[in-house]
Structures are given as structure tokens and as C-alpha cells.
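# can you look at this prediction? I've put the sequence above it.
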Amino acid sequence: MNFDNYIRDTLKPQDYEMLLPYFKLRYSHTVESILTSAFMWKNYYKTEYLRNDEALIWLEHIGGELMTFTPLCAEDELKHYFHVAEQYFNEVLGIKMVLCLCDKDAVDRFELDPEKYEVIADRRYYDYVYDAKKMMSYSGKAYHKKKNHVNAFLKEYGDSYEYRSLNCGCHHAEIMTFLRKWEEKRDIQDEYNRVDYELDGIDYLLANCNYLDFKMGGIYIDGEMEAFSLGVYGKAEKTAYIHVEKANPDIRGLYPFISQQFLIHEFPEAEYVNREDDMGLEGLRKSKMSYNPIFLEEKYEIRQK
């Protein structure tokens with residue numbers, strides 16, 4: 001196959017508007033369908049892409065191995081561009097293709113021959129999806145504990161807290177100072193250093209926010225930031241994608257409170273909330289399950305044999 005009509009490039013903030021139409025060709029309902037997320041993790045994955053007028057094919061460096069994600073293209077072109085990506089890996093890069101973080105619908109549309117491909121479900125990266133209205137109200141028996149924690153927070157801090165919508169121009173340094181303090185408190189053991197890359201990715205988004213599109217909010221107590229969240233609204237999916245949520249772990253009820261208030265203030269029209277994956281971390285999985293997801297968006301790894 002001739003790849004002369006394809007452009008290979010790296011992610012650059014000034015290309016956001018040019019790249020956005022590729023993300024609107026098909027909605028997978030996973031966080032990988034959100035362009036802001038791609039920018040946030042670009043340095044972690046050393047992201048590159050291959051594109052023509054109809055599709056974008058990812059080139060990602062993961063654990064020392066070059067891989068790809070689901071092609072960004074129209075639904076009826078998924079199978080075609082899966083094989084285009086495969087040819088690029090085989091003929092140009094000289095390696096077998098590995099495609100990771102692939103949504104279930106795409107796997108089905110690829111119609112893969114089990115003799116040629118290994119398909120592996122990766123529970124670590126299933127996205128958690130919630131009922132947005134229930135998370136805004138914490139109504140019902142399933143949210144009784146969350147409601148109690150929020151009430152305890154309001155009882156303690158009802159006169160001293162404030163929710164603020166944030167912008168990067170005024171709050172960049174303040175947000176990063178808060179996040180570094182949060183990192184020290186949490187002391188998360190992560191063999192892949194994803195937390196460090198996450199904070200660096202947030203810093204990158206804030207530094208380039210004049211090109212990008214996302215919303216932020218924070219909870220302040222006595223004028224000091226104690227919780228922060230960042231997300232994007234997918235209008236077609238009616239889904240709020242929560243990329244970042246951090247709170248002072250020493251303040252009871254602050255995590256469920258920022259979860260609730262961020263949705264109420266920034267995404268009141270949302271019907272669903274995608275709070276991303278748990279990375280296989282036991283504590284994070286327990287926390288995400290405690291918010292009662294209505295379903296999980298499955299993801300798979302596909303390896304060419």
C-alpha cells in the first residue's frame with residue numbers, strides 16, 4: 001500500500017481545531033474519543049498520528065512497545081482503517097500491530113479472525129459510566145453513604161466553603177500548587193509513574209488552554225483551594241467526561257462534594273458521566289464502584305499473531 005497521501009505528525013495544541021473533526025466521525029463513548037484527553041497524555045504515550053482526509057491512525061509508545069488505538073474514522077470505515085493501520089505497522093514499521101484501549105463496538109466491527117488475532121479484555125481500562133442526574137443529587141438508597149458524607153462536609157464547612165469556576169489564565173499556578181500538595185499527601189504507589197505524567201499533562205493543558213476546550217472547577221475553604229476537577233462535555237453523547245478530580249483526603253465528604261458540584265455548575269445538561277478507568281489500582285477501583293456505575297465501557301487489546 002502507498003502511504004504517500006498520509007501525513008505523519010505529532011500532537012500540537014495549535015492543531016486542535018484541525019484534529020477535532022476526526023473525533024466527530026464516530027462516538028465510541030470511551031475517554032479515548034475525547035481530544036483533550038489525547039493532549040493530556042501525549043507525553044506519556046509520546047503520541048504521533050498518521051492521517052489522511054478520512055481517518056486518523058494513532059502511533060503510541062507504551063512500555064517500550066509501539067502500539068495504536070482505535071482508528072478515528074466513520075463507523076462503516078472501521079474495518080478498512082484497521083487493516084490500513086495493520087499494513088503500516090507491517091510494511092512501513094516492520095512490526096506486528098498491537099491495538100489497545102479498543103471499545104467493544106469497534107472489536108465487533110473489525111470481524112477478526114481468531115487464527116490471526118488475539119483479543120484480550122483489559123479490565124484495568126474499562127471506563128466507569130454513571131447516571132449524571134443521580135450524581136448531582138445523590139438521591140436514592142444506593143447513594144445514601146455519599147449523601148451522608150456530603151451532609152457531614154456541609155455541617156462542618158457550610159459557612160466557609162465556596163465553589164468557583166476556574167480559568168487557566170488566572171488559576172494555572174494555584175492549581176498546580178494544589179496538585180503537587182495533593183500528590184504528596186496521597187503517596188500513590190504506581191509502577192508506571194502515571195500520576196506524575198497526569199500532573200504534567202494537566203500542566204500542559206493549562207499552559208495551552210487558549211487552543212483547547214475544557215472546563216474546570218474548585219472547592220475553596222476559607223479562601224484556599226482544597227479540591228479541583230477538570231472535564232469536557234460531549235454534546236452528541238450527552239456525557240460529561242471527568243479527566244481530573246482531586247481533593248484533600250483529610251476533609252470528609254470533599255470528594256463526593258466536588259464530584260457533585262462540578263457537574264451541577266459546569267455540565268448541568270449531562271445525562272451520563274464518564275469517570276474514566278481505575279488503571280487496575282485496587283483503591284481507585286473501590287472508589288469508582290462506590291459511586292454506583294450504571295455500566296462499564298469495555299476495552300480490549302488486539303494483538304496480531
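Okay, I see it.

# buried residues, the longest helix seen in the chain. List them.
The helix spanning the most residues in the chain, taking DSSP state H as the definition, is helix 168-186. Judged by neighbour count using 16 or more other CB atoms under 10 Å, the buried positions of helix 168-186 are Cys168, His171, His172, Ile175, Met176, Phe178, Leu179, Trp182. C-beta: built from backbone N, CA, C; applies to glycine.

# check the residue nearest to the fifth one when sequence neighbours are not counted and give its pLDDT.
Setting aside the residues directly before and after it, Met176 is nearest to Asp203 in space (CB to CB, 6 or more residues apart in numbering), at 5.7 Å. With respect to pLDDT, Asp203 has a value of 96.

# export the helix or strand where Asp203 lies to CSV, keeping only CA atoms.
Assessed by DSSP states H and E, Asp203 sits inside helix 194-207. Coordinates of each C-alpha in helix 194-207 appear next as CSV, following Å, rounded to 0.1, in the frame of the first residue of the first chain:
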residue,chain,number,x,y,z
ARG,A,194,1.1,7.6,35.6
VAL,A,195,0.3,10.1,38.4
ASP,A,196,3.4,12.1,37.7
TYR,A,197,2.6,12.1,34.0
GLU,A,198,-1.0,13.0,34.8
LEU,A,199,0.0,16.1,36.7
ASP,A,200,2.5,17.1,34.0
GLY,A,201,-0.4,16.5,31.5
ILE,A,202,-2.6,18.9,33.4
ASP,A,203,0.1,21.5,33.5
TYR,A,204,0.4,21.1,29.7
LEU,A,205,-3.4,21.6,29.2
LEU,A,206,-3.3,24.7,31.4
ALA,A,207,-0.3,26.1,29.5
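
# list the buried residues in it.
If you call a residue buried by 16+ other CB under 10 Å, then helix 194-207 has these buried ones: Val195, Tyr197, Glu198, Leu199, Gly201, Ile202, Asp203, Tyr204, Leu205, Leu206.

# and the next helix or strand past that helix?
Elements were assigned by DSSP H and E; along the chain past helix 194-207, the next helix or strand is strand 215-221.

# got the contact list for that following strand?
The set of residues external to strand 215-221 that reach it, using CB atoms under 8 Å, 6 or more residues apart in numbering, is 157, 160-168, 171, 175, 178, 225-233, 247, 251, 254, 257-258, 261-262, 265-267.

# in its sheet, which strands sit next to it, and in what direction?
strand 161-166 (antiparallel), strand 224-234 (antiparallel) (DSSP bridges).

# and that strand with helix 194-207, angle?
Angular relation of strand 215-221 and helix 194-207 on a 0 to 180 degree scale: 110 degrees, by axes from the mean of the first three to the mean of the last three CA atoms, to 10 degrees.

# between helix 168-186 and strand 215-221, find me the angle.
Taking the same axes, to 10 degrees, one finds that strand 215-221 is oriented at 60 degrees with respect to helix 168-186.

# so which bits of strand 215-221 are buried?
In terms of neighbour count (16+ other CB under 10 Å), strand 215-221 has its buried residues at Lys215, Met216, Gly217, Gly218, Ile219, Ile221.

# redo the residues you listed as a markdown table? Include pLDDT and distance to Lys288.
Written out in a markdown table, the entries for the buried residues of strand 215-221 read as follows (pLDDT from 0 to 100; distance: CB to CB, whole Å):
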| residue | pLDDT | distance to Lys288 |
| --- | --- | --- |
| Lys215 | 97 | 21 |
| Met216 | 98 | 21 |
| Gly217 | 98 | 20 |
| Gly218 | 98 | 21 |
| Ile219 | 98 | 20 |
| Ile221 | 98 | 25 |
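
# which of those lies closest to Lys42?
Ranking the buried residues of strand 215-221 by separation from Lys42, with CB to CB as the measure, puts Met216 on top at 19.0 Å.

# any idea what that closest one is bridged to?
Beta-bridge partners recorded for Met216 (DSSP bridges): Leu166, Leu230.

# how much space between it and Ile175?
As judged by CB to CB, to the nearest Å, Met216 and Ile175 stand 7 Å apart.

# give me the common contacts of the two.
Leu166, Cys168, Phe228.

# any weak-confidence spans in the chain?
Low-confidence segments of the chain (pLDDT under 70): 187-195.

# for it, which segments count as helices?
With DSSP H as the definition, the chain shows helices at residue ranges 16-23, 35-40, 42-45, 78-87, 104-110, 132-137, 144-157, 168-186, 194-207, 254-266, 282-289.
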